[in-house]
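Undergrad: I would like to see how this sequence folds:
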Amino acid sequence: MENLNKIVLPIQRLLVPVDYLRISHPEKRFYDFYIPLALTLIVTLLLYIVPFSVNIVGSNGMVSIFTNLLQILTGFYIASLTAVATFDRPSMDELMAGNPPQVRTKFRGQKTIEPLTRRRFLSFLFGYLSLLSFILYFLGAFSTLLIPNIVIFLPQPIFPYIKFFCVLIYLFLVSNLLTTTLLGLYYMTEKIHRKEPREIKPGEVD
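TA: Numbers count the residues shown, from 1 in each chain. Alright, predicted model coming up:
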C-alpha cells in the first residue's frame, strides 16, 4: 500500500488542475457540460450537413488550425494564472460573494469541503485551462502524425463510427475550453473589479 501511495501521490500532484472539475456550484454544470454539449452538437451537425466536406484532420484541417491557435492560448492561460497568483488586491482573498463555489479536498488524510476565494477559484480555472490546452495541443499534433497509420489496422466498416465518436469528444473538449475561457475572461474583466454592495451605517459616509 505504501508503494502504491508513492506512485499515486506524484500523479495526483501533476493532475491538481483537474480539481477544477470537482468544484461544485449550482450554475457550474452549465459551463462545464450543458453549454459545451450544445456547442458540440451544433458544430457536429453543421459539419455533416454542409454541401462540401470539411477537412477535419490533416494539413489545413480543422484540428490543425485549432492546434496552431493553442500555441498562443496556452501561453495566455499560463500568464493569466501567474497574474491571478500575484494580483495585489485584498478582495481577491475574500470568499466569493453570494453562494461561493466549493471544492472537495483531501489534506493530510482528511477530506474537507472548502468554500473558495476569488483567487483560488481563478487559479483552479486557469490551471485547468492550461492543462486542457496542453492535452488538446498534443492530441491535435499526434492525430496528424499517427492517424494514417492507425487507420490501416482498423476494420473499414467501423472506421466511420470511430471517427464520428473521436470528433465528438474532440469538439466537446474544445467547446469546454472555449466556454471556460469566456467564464475566466468575465471574472478577470468584470467581476473581480466590481465592489460588492455593503450596508451603510447611520452617520457613515461611503
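Undergrad: any idea how far the closest residue to residue 171 other than its chain neighbours lies from residue 174?
TA: The shortest distance from residue 171 to any non-neighbouring residue, by Cβ to Cβ, 6 or more residues apart in numbering, is to residue 40 (4.5 Å). The C-beta positions use only the backbone N, C-alpha and C, and glycine is treated the same way. Separation of residue 40 from residue 174 (Cβ to Cβ, to the nearest Å): 8 Å.
Undergrad: same deal with residue 86?
TA: 29 Å.
Undergrad: the two: which has the busier surroundings?
TA: The neighbour comparison of residue 86 against residue 174 (other Cβ atoms under 10 Å) goes to residue 174, with 22 against 9.
Undergrad: apart from its chain neighbours, what residue comes closest to residue 74?
TA: Distance criterion Cβ to Cβ, 6+ apart; nearest residue to residue 74, sequence neighbours excluded, is residue 133 at 4.4 Å.
Undergrad: and the closest residue to residue 151 other than its chain neighbours, what element?
TA: Nearest residue to residue 151, sequence neighbours excluded (Cβ to Cβ, 6+ apart): residue 159, at 6.6 Å. Secondary-structure element containing residue 159, defined by DSSP states H and E: helix 159-189.
Undergrad: what mean pLDDT does stretch 161-175 get?
TA: Stretch 161-175 shows a mean pLDDT of 90.
Undergrad: shift numbering so it begins at 9
TA: Will do, 9 is the new start, and the previous item becomes stretch 169-183.
Undergrad: run the chain-centre distance for it.
TA: 16 Å (Cα atoms, centre = their mean, to the nearest Å).
Undergrad: how about the helices in this protein?
TA: 10-22, 36-37, 43-57, 70-94, 126-160, 167-197 (DSSP state H).
Undergrad: centre of the chain to the fifth one, how far?
TA: Right, the one you point to is helix 126-160. For helix 126-160, the distance to the chain centre is 9 Å (Cα atoms, centre = their mean).
Undergrad: count residues in the vicinity of residue 160, would you?
TA: Neighbourhood size, residue 160 [other Cβ under 10 Å]: 6.
Undergrad: where's it relative to residue 25, distance?
TA: Look at residue 160 and residue 25: by Cβ to Cβ, they are 36 Å apart.
Undergrad: hmm, back to that, and among the helices of the chain, the most buried is which?
TA: Of these, the one with the most neighbours on average (mean count of other Cβ atoms under 10 Å) is helix 126-160, at a mean of 18.
Undergrad: tell me the helices and strands packed up against that helix.
TA: Contact here means 3 or more Cβ pairs under 8 Å, 6 or more residues apart in numbering; DSSP states H and E; on that basis helix 126-160 packs against helix 70-94, helix 167-197.
Undergrad: with distance to residue 136 added, can I get these in JSON lines?
TA: Formatted as JSON lines, the helices and strands packed on helix 126-160 follow (distance: least, Cβ to Cβ, whole Å):
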{"stretch": "helix 70-94", "distance to residue 136": "9"}
{"stretch": "helix 167-197", "distance to residue 136": "7"}
